[in-house]
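>>> No sequence on hand, only this structure:
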């Protein structure tokens, strides 16, 4: 089976930096995804890590440590529109299916 | 704009009704998925089709019946649903054996069962 943990809620201020952590215990690991989901909308892809290290993409970066079963999503220069749920998802080895964590609701305030 | 299109966006049905949710993608993806998402919960996998064949059924009740008429279309037929089946139903697609296997989601069909 798979167990994915991430904080339920986080708050931050506009312009700040926030780090959202995700830990996982899984068999057959084949990559970790971060998705952003605004209320009532579909999840949208943010990042993918399959090897250890940091992947940077604009204001968003994601880190993976496979030995520790740990990932984080780093958001810089926060904007109000970044208020959303951030979903950590682990990919199974077969069929590219994803198992999602419960999501972290991020609230960015002025 | 999403490249995965789902219809209808909203559906209200009684427990004795028969209805269908539809999903279409034109990205040439050969894997398609149905996920169910309750409020403030993560998406939960229901079905996976790979090359138009059902490859995964996550022990979904038979009142949900998936169908993949061709590589671009995915349907979810609904019959005799329960109020607890009310949720957002998300369709997604991906390219099997692609290096990331990223899922592209549709905007979902919000289902209410009375």
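Ah, there it is. Bear in mind that the values here come from a model prediction, so they are computed numbers and not experimental data.
>>> so what pLDDT did the closest residue to residue B:28 other than its chain neighbours get?
Using Cβ to Cβ, 6 or more residues apart in numbering or on different chains and skipping the chain neighbours, the partner closest in space to residue B:28 is residue B:95 (7.4 Å). In short, each C-beta sits where N, CA and C put it, glycine included. If you check residue B:95, the pLDDT there is 84.
>>> Near chain A, which residues of chain B are found?
B:2, B:4, B:31, B:33, B:40-45, B:48, B:50, B:55-56, B:88, B:90, B:94, B:96, B:98, B:100-108, B:110 (Cβ under 8 Å from any Cβ of the partner chain).
>>> Now, those residues that are in strands?
B:4, B:31, B:33, B:44-45, B:48, B:50, B:55-56, B:88, B:90, B:94, B:104-105, B:110 (DSSP state E).
>>> Quick one, which of the residues you listed are buried?
Using 16 or more other Cβ atoms under 10 Å in any protein chain shown as the burial test, these include B:4, B:31, B:33, B:44-45, B:48, B:50, B:56, B:88, B:90, B:94, B:104-105, B:110 as buried.
>>> Looking at these, which one is closest to chain A?
Among these, residue B:105 lies closest to chain A (Cβ to the nearest Cβ), at 3.9 Å.
>>> Enumerate every residue touching the nearest residue to that closest one once chain neighbours are set aside.
When the adjacent residues along the chain are set aside, residue B:105 lies closest to residue A:42, with 3.9 Å between them (Cβ to Cβ, 6+ apart). With contact taken as Cβ atoms under 8 Å, 6 or more residues apart in numbering or on different chains, residue A:42 is in contact with B:2, B:4, B:90, B:105, B:106, B:107, B:108.
>>> what do you get for residue B:64?
Counting by Cβ under 8 Å, 6+ apart, residue B:64 has contacts B:46, B:47, B:76, B:77, B:78, B:85.
>>> again with residue A:13
By Cβ under 8 Å, 6+ apart, the neighbours of residue A:13 are A:78, A:108, A:109, A:110.
>>> Would you convert those residues into TSV that also reports neighbour count, pLDDT and secondary structure?
Output for the contacts of residue A:13, formatted as TSV (neighbours: other Cβ atoms under 10 Å in any protein chain shown; pLDDT from 0 to 100; DSSP: H, G, I helix; E, B strand; the rest coil):
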residue	neighbour count	pLDDT	secondary structure
A:78	19	97	coil
A:108	20	97	strand
A:109	11	96	strand
A:110	6	94	coil
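>>> Give the helix, strand or coil label for residue A:81.
Classification of residue A:81 using DSSP: H, G, I helix; E, B strand; the rest coil returns helix.
>>> just checking, what packs against the lowest-mean-pLDDT helix or strand in chain A?
Within chain A, no helix or strand scores below strand A:2-5, which has a mean of 87 by mean pLDDT, DSSP states H and E. With contacts taken as 3 or more Cβ pairs under 8 Å, 6 or more residues apart in numbering or on different chains; DSSP states H and E, strand A:2-5 sits against strand A:18-26, strand A:84-91, strand A:98-100.
>>> Give me the buried positions along that strand.
Within strand A:2-5, judged by 16+ other Cβ under 10 Å, the buried ones are A:2, A:4.
>>> how close does residue A:43 sit to residue B:40?
14 Å (Cβ to Cβ, to the nearest Å).
>>> Between the two, which is the more surrounded one?
residue A:43 (29 against 11; other Cβ atoms under 10 Å in any protein chain shown).
>>> Which residue, other than its chain neighbours, is closest to that one?
Nearest one to residue A:43, counting by Cβ to Cβ, 6+ apart, is residue A:35 at 3.9 Å.
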